[in-house]
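[1] What shape does this take:
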Amino acid sequence: MTSKFTELAIDCADPRGLAGFWCAVLGYEVQDEDHELTIIGSPLVPEGKKRLGPVPPTLTFVRVPEGKTVKNRLHIDVNPTDLSQDEEVNRLLGLGARHADVGQGEDVSWVVLVDPEDNEFCVLADRCP
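    From the prediction side, this is the model:
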């Protein structure tokens, strides 16, 4: 027997705001929310329709009192699906992301950014279908 990856929980100060950023990045929608958390996931499939491929994990943004103080030990990687890496980086910068240096060096194929609450994530160079 195995487990299935279904959810990634992310501590933050503003669940609704950070969820809005990630909805714009991933094309996700809010699936549930209250004052302390917001859950986002891929758009729900209308009844009678089939989803192509596996259901991606949800992201759950949970309000915590403490702020981020060190580099994340776990981060999200995203792949542009219909833009070049540079175009996607520019789109994400327009949404509120910022460049980050986590010691990646100069000769890497990915771009390290941080979201509005300074959580690191990478934009990979390869396109995924």
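[2] before we move on, which element is L113 in?
    Secondary structure from DSSP states H and E places L113 in strand 111-114.
[3] Show me what that strand is packed up against.
    Contact partners of strand 111-114 among helices and strands, from 3 or more CB pairs under 8 Å, 6 or more residues apart in numbering; DSSP states H and E: helix 85-95, strand 98-99, strand 120-123. Yep, even glycine has a C-beta here, placed from its N, CA and C like the rest.
[4] Save these as TSV, and put in mean pLDDT too.
    Output for the helices and strands packed on strand 111-114, formatted as TSV (pLDDT from 0 to 100):
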stretch	mean pLDDT
helix 85-95	96
strand 98-99	96
strand 120-123	95
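[5] Quick check: which of those is buried the most?
    strand 120-123 (a mean of 20; mean count of other CB atoms under 10 Å).
[6] Show me the contact partners of that one.
    71-72, 75-80, 85, 88-89, 92, 97, 100, 102, 110-115 (CB atoms under 8 Å, 6 or more residues apart in numbering).
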